[in-house]
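[1] got a structure for you, letters missing:
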């Protein structure tokens, strides 16, 4: 079982809220200034890290492939990446990226990224994944489009044995239908592979991402933009700064509320328990404790020394153990008949 997965100062196996990753991706539209401003907004929203997509278009897509012109227009230079890394370091926010071609693995490692992510489309690209393991950096593996068998096949590869890795549930549709999301698959991934699991969420809004925390998600990735009306394929389904701040707050709230699997005694409930539980009170005098019935006694709040789980009046006669007779005899509150 892997027992270590850290990104920067965040430890997946410690008692802390989930890691929130703002996926800027190509929402910078190839503009470095926009990229830096988007990082600033992500930092202000309270996320742990920002993620980009790093590639040389012609090492990633064949000429004429769907999206070739879009990706080419959004390609950032190595020098741009260096400025992004420096900006993240100044702000104190984690810089993470998805290398979409093998040559960017070493470039990103040298720039000091805190982790490397494998895109869902590259889950079967073992050469790329193995190259990433050569850096020693934490690996985030997204599983969109993959069958359980394909996920198991890659996770159990020898080059990933005991490697620090997290696996993200993902549905590669933009946005996916609710009935296609299958959030319960998070529990399956966690059980089968004993790794931190998370959710790369392509749905609209924050509801599913927040809900995934209650199902065990330790990392949440959401697309992020400064303006949903900007040109580009991902802006409309991305969160804006206000929504991202709300995601951070809500996931922290859900994590705090999850608590323990076995409910402990809640100290704040004890005063309420005393006044909300019931005790047995007399309507009139009685000869002996065992002559109590529903005509001469009544169960009322607040509780007293008589426990309604141990003394029963329901069938016309008092039913109580010998040990409860003393408690019954000591009822002092007399109510008008």
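    Here it is on my side, so go on. These numbers were taken from a predicted model, which means no experiment stands behind them.
[2] Only the buried residues of stretch 311-320, if you could.
    Judged by neighbour count (16 or more other CB atoms under 10 Å), stretch 311-320 contains these buried residues: 311, 313, 318, 320. In this view, the C-beta of every residue, glycine as well, is placed from N, C-alpha and C.
[3] can you put the residues you listed in TSV and add pLDDT and distance to residue 278?
    Output for the buried residues of stretch 311-320, formatted as TSV (pLDDT from 0 to 100; distance: CB to CB, whole Å):
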residue	pLDDT	distance to residue 278
311	90	11
313	88	12
318	84	16
320	83	15
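[4] so where do the helices sit in the protein?
    In the chain, the segments counted as helices under DSSP state H are 32-45, 57-60, 68-73, 78-91, 103-111, 126-133, 148-155, 185-193, 207-214, 241-258, 270-276, 325-329.
[5] so which of these is the most packed in?
    Most buried of the helices of the chain, by mean neighbour count (mean count of other CB atoms under 10 Å): helix 207-214, with a mean of 20.
[6] which strands and helices sit next to it?
    strand 197-201, strand 219-223, helix 241-258 (3 or more CB pairs under 8 Å, 6 or more residues apart in numbering; DSSP states H and E).
[7] can I get those in TSV with distance to residue 50 and mean pLDDT?
    Formatted as TSV, the helices and strands packed on helix 207-214 follow (distance: least, CB to CB, whole Å; pLDDT from 0 to 100):
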stretch	distance to residue 50	mean pLDDT
strand 197-201	14	98
strand 219-223	11	98
helix 241-258	11	97
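[8] I'd like these as a markdown table, with distance to residue 280 appended.
    Below are the helices and strands packed on helix 207-214 laid out as a markdown table (distance: least, CB to CB, whole Å):
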| stretch | distance to residue 280 |
| --- | --- |
| strand 197-201 | 51 |
| strand 219-223 | 52 |
| helix 241-258 | 36 |
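[9] Give me the residue at the spatial middle of the chain.
    residue 213 (2.8 Å; CA atoms, centre = their mean).
[10] For residue 47, see how far away that one is.
    From residue 213 across to residue 47, the span is 14 Å (CB to CB, to the nearest Å).
[11] Could you measure from residue 310 over to residue 318?
    Noted for residue 310: a distance of 11 Å to residue 318, by CB to CB.
[12] likewise residue 83?
    83 Å.
[13] Check residue 250 too.
    Applying CB to CB to residue 250 and residue 318 gives a distance of 52 Å.
[14] try residue 44
    As for residue 44, its distance to residue 318 is 67 Å (criterion: CB to CB).
[15] picking that back up, right, so of the helices of the chain, which gets closest to residue 285?
    Of all the helices of the chain, helix 325-329 sits nearest to residue 285, with 12.0 Å by CB to CB.
[16] Distance from the chain centre to the closest one, please.
    Relative to the centre of its chain, helix 325-329 is centred 52 Å away, using CA atoms, centre = their mean, to the nearest Å.
[17] repeat for stretch 40-57
    18 Å.
[18] tell me the mean pLDDT for it?
    Per-region confidence: stretch 40-57 scores 98 on mean pLDDT.
[19] Quick one: end-to-end distance for that stretch.
    For stretch 40-57, the separation between the terminal residues is 26 Å (CA to CA, to the nearest Å).
[20] And for stretch 307-326?
    12 Å.
[21] I'd like the numbering to begin with 24 instead of 1 from here.
    All set: I'll call the first residue 24, so the last point we hit is now stretch 330-349.
[22] unless I'm mixing things up, residue 67 is touching residue 264, no?
    Yes: using CB atoms under 8 Å, residue 67 is in contact with residue 264, at 6.9 Å.
[23] which ones are touching residue 140?
    74, 119, 120, 121, 162, 163, 164, 165 (CB atoms under 8 Å, 6 or more residues apart in numbering).
[24] show me where pLDDT drops low in this protein?
    Within the chain, the segments meeting pLDDT under 70 span 24-26, 309-310, 355-360.
[25] Noted, bye for now.
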